[in-house]
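>>> got a predicted structure here, sequence first:
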Amino acid sequence: MSGQYLNAISENATRLGMRLQETFSEHTRDLTTRGTSAAYLDSAATATDEKTKLAIRKQLDGNSDRDKLDAMKRLVALISKGRNVSEYFAPVVKLVASPNLEIRKLVYIYLLRYAEHEPDLALLSINTFQKDLADSSPLIRAMALRVLSGIRVPMIGSIVVLAIKKCAADVSPYVRKAAALAIPKCYELDPSHLSALIQIITTLLKDRSPLSLGCVAVAFEAVCPTRLDLLHIHYRRLCKILVDVDEWGQVDLMNLLLRYARTMLPRPMGRRGGVLSNKEGEGEDDSVEGRMDGEEEVDPDVKLLIQSVEPTFQSRNPAVVMAATKVLFYAAPLSYWPKFVHPLLRLLMTSKEVERVVLVDLIIITNVVPSLFSPFYARFLVRSDDLIQVKKDKINLLLNVLTVDNYAAIMREFMDYADDVDDSVVAEAIRALGRCAIRIPESVQQCLTALMTMIKSPYDAVVSSAVLMLQYLVQTQLSVQSPMMSASTSQSPLSIIARLARKIDDIKHAQARACVVWLVGQYAASDERGPGPEGVAEWAPDVLRKLAKTFGQETSLVKLQVVTLAAKLFVLSPGDVRLGLLSRYVFSLARYDVNYDVRDRGRMLSTLLAGVGLQVQVNGTGAEEKRGGVVLRREQVRLVLFEGKSGVKDEKLSFLADDERVLVGSLSRATGKFMQTDAILPDWLERGVEGALRDSEYDAPAVPAAVTALSSAGQRATKGVASPIVLTPTGGSPRPGSRNGNKGAFTDLDSFYAENEAEAAGSEAESEGEDGSGSEPDEDESGSEEEESSEGDDDVIGQS
């Protein structure tokens, strides 16, 4: 017998050793291949020979899960390389029912890739997926539905709808989430199932689990975005459960609730209607308190949405914080807006990508209420490592938060940004510097000094931008007849034009030169008697002389302005011989210019000046060109050339500032152009729909059970009353937790049990006292009172 035991033990030990060796070899194989996952991609690049194909097929048909997993990894690697591996569809479909979860995941990836191209073969796996919908594991059920809805074969649309309907009633919230995500895919595959899908969405809206509600909002927006009436009875519950929804689900759910609020709820009173522009607030109190008109009147459902959104500002996901900001900005009164200031400032330090998106939202917000972020202007200063677009956005944001208190520091920043290496940032900074003089009159002197200094810069980008901004400032001040630039004679508009005219040779940028020439011609009229022609400023003819010399080398933009300058100076002083000869020379050059715009401009202006006395020679022969038609007098020509030309056309600030259709949180604000995917924010209703539509059984508070306090004195006082009566004790307040007290007095089970023990101990002591005190004189009397009290209690209970 002992020999048999020894043989059995040795045989088992041999088997165990072989099993350990196999296990060890498998694990060491994992260690060698797991660290080199790129080996599958490398092998995929050369897996075109028949030998490799046979090896993969053999692994798929083998019995080892490890070989099957290795084959599926090779197939997925081939798919990533763009290879066609649809020939393995049949053996791969057999692995759908594999108990190995890793193999099944890769099979699902394979089927999603080739189901649309191989619809006939894809139908082979439909039965397997339908069986997986009844699997005990919720992960398998969700994955089966995900793959079934991802097979883009129109003929299985009804099957997909039935599968979604089944999973929508699943006990697992994870499966219900997968059902909600499958609804948009099914609707895109076959829109004819719209009514059935809407019924499924209505069922999913009743879900109490926060895990699936975010995906239900996605399905709602994709399938039936206009059916906001379906949300009536769910609105309050969705607001209350918002804080428990997953991060990305919160974003979609907040957007949906915001759209519902602006469509179905009344507008909050106490705020100025619509989206305000920055121009509306100029010269007014821009503070939040200054813009409040009386007390706020906010609908309770709007307030519920606002209060439900406020906790999400603590989220670590920037998208959630920005979605919450959008809700408060477009649905809350002004007094709630300071709540999103610090969360947005926190996002600026998250990453460069998030900073880029948050900045454009801040520009939109500060266009409406710059006072919210004015105290934090130091957080928007440009850093040297910022992206070019980020620098531009920060400059625009600093311009928006400009106030009387901080304009000096911000202007110094703009002057520093004018030395940036990028020309577009330089132009943006100089433009912002000029806008400071328009918004803050106290900064005009400092701004003009800085711009005149920039004209001396050796860089063309700086000079041209400074000239363009000076032209805008001069036109603005001369058109409105504002005296603020006339405080100093050296900084008056005409003195600035004179300085620009004298520096025309140093200005190389074509657009800047054209601006200077236009300013010289438009404001060359002068009543002062000088050494030059009568009625013309002394610096104007010299500009025409310099440009006539270099007329052939100028750009077309400058040539057009030179021809116009010659016409204007000739009208101002037609009797001056030298000015007449210079004007005729310029018109002759324009007549034979290679650019047809210059030729047309010269022909038109020379014909216009025919009544003033300008005669242009033809072909240099001395013969004057004969013209017919209407001849205008000098006053009429002067009216044509000068009047109506000095009006200021306000420059376009930015895409974000000029169009109110750009919303916070939209894609347009980041791309700078309107996108088709951007949602349109509906206008508020003045009165909203009936609030009773949003009442539901979930909103009703729990009614506590009626508490009845009994006493003999109360029973005597109310004897004979037929209605239910609640009696209160007459002598002293009851002990906490006693039968005569309120049921809610117990704070926990310990106090409840302690009270019961105290009552039991008291009753035992009472009974012992009654047994041992039979000789007391009041025994009969007390016994009769207790009996009477018990009878009275029975009567009260019978009446109730």
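Arrived safely, thanks for sending.

>>> part of a helix, is residue 214?
Yes - per DSSP: H, G, I helix; E, B strand; the rest coil, residue 214 lies within a helix segment.

>>> how far out from the middle of the chain is stretch 511-531?
In terms of Cα atoms, centre = their mean, to the nearest Å, the centre of stretch 511-531 is set 48 Å apart from its chain centre.

>>> how about stretch 357-371?
With Cα atoms, centre = their mean as the basis, stretch 357-371 stands 12 Å off its chain's centre.

>>> what's the answer for stretch 375-392, then?
Per Cα atoms, centre = their mean, the centroid offset for stretch 375-392 relative to its chain is 20 Å.

>>> list the contacts for residue 192?
Going by Cβ atoms under 8 Å, 6 or more residues apart in numbering, residue 192 touches residue 157. (C-beta placed from N, C-alpha, C; glycine too.)

>>> tell me how far it lies from residue 119.
18 Å (Cβ to Cβ, to the nearest Å).

>>> residue ranges with poor pLDDT in the stretch 1-150 of the chain?
1-3, 18-49 (pLDDT under 70).

>>> rerun at 50
The model of the stretch 1-150 of the chain has pLDDT under 50 over residues 29-36, 45-46.

>>> check the stretch 351-500 of the chain too.
482-489.

>>> contacts only, for the nearest residue to residue 151 once chain neighbours are set aside.
Distances taken as Cβ to Cβ, 6 or more residues apart in numbering put residue 115 closest to residue 151, at 3.9 Å, once the chain neighbours are dropped. Taking Cβ under 8 Å, 6+ apart as the criterion, residue 115 is in contact with 122, 150-153.

>>> now residue 87
Residues in contact with residue 87 (Cβ under 8 Å, 6+ apart) are residue 53.

>>> re the thing from before, in a markdown table, list the contacts of residue 115 along with distance to residue 548 and secondary structure.
Below are the contacts of residue 115 laid out as a markdown table (distance: Cβ to Cβ, whole Å; DSSP: H, G, I helix; E, B strand; the rest coil):
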| residue | distance to residue 548 | secondary structure |
| --- | --- | --- |
| 122 | 80 | helix |
| 150 | 74 | helix |
| 151 | 77 | coil |
| 152 | 72 | coil |
| 153 | 77 | coil |
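
>>> and those, which is closest to residue 238?
Taking Cβ to Cβ as the measure, residue 238 lies nearest residue 150 of the contacts of residue 115, at 28.1 Å.

>>> check contacts around the closest one.
Counting by Cβ under 8 Å, 6+ apart, residue 150 touches 112, 115, 185.

>>> with residue 594 as the reference, measure out to it.
Here residue 150 is placed at a distance of 63 Å from residue 594 (Cβ to Cβ).

>>> in PDB, list the C-alpha atoms belonging to the helix or strand hosting residue 467.
Element membership for residue 467, per DSSP states H and E: helix 460-480. Extracted C-alpha coordinates of helix 460-480, given in PDB (Å, rounded to 0.1, in the frame of the first residue of the first chain):
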ATOM      1  CA  ASP A 460       8.400  99.400 -40.900                       C
ATOM      2  CA  ALA A 461       5.800  97.500 -39.000                       C
ATOM      3  CA  VAL A 462       6.000  99.900 -36.000                       C
ATOM      4  CA  VAL A 463       6.000 103.000 -38.200                       C
ATOM      5  CA  SER A 464       3.100 101.900 -40.400                       C
ATOM      6  CA  SER A 465       0.900 100.900 -37.500                       C
ATOM      7  CA  ALA A 466       1.600 104.100 -35.600                       C
ATOM      8  CA  VAL A 467       0.700 106.200 -38.700                       C
ATOM      9  CA  LEU A 468      -2.500 104.300 -39.200                       C
ATOM     10  CA  MET A 469      -3.500 104.800 -35.600                       C
ATOM     11  CA  LEU A 470      -2.600 108.500 -35.800                       C
ATOM     12  CA  GLN A 471      -4.800 108.900 -38.800                       C
ATOM     13  CA  TYR A 472      -7.700 107.300 -36.900                       C
ATOM     14  CA  LEU A 473      -7.100 109.600 -33.900                       C
ATOM     15  CA  VAL A 474      -6.800 112.700 -36.000                       C
ATOM     16  CA  GLN A 475      -9.900 111.900 -38.000                       C
ATOM     17  CA  THR A 476     -11.900 111.100 -34.800                       C
ATOM     18  CA  GLN A 477     -10.900 114.400 -33.100                       C
ATOM     19  CA  LEU A 478     -11.400 116.600 -36.100                       C
ATOM     20  CA  SER A 479     -14.800 115.100 -37.000                       C
ATOM     21  CA  VAL A 480     -16.300 115.500 -33.500                       C
END
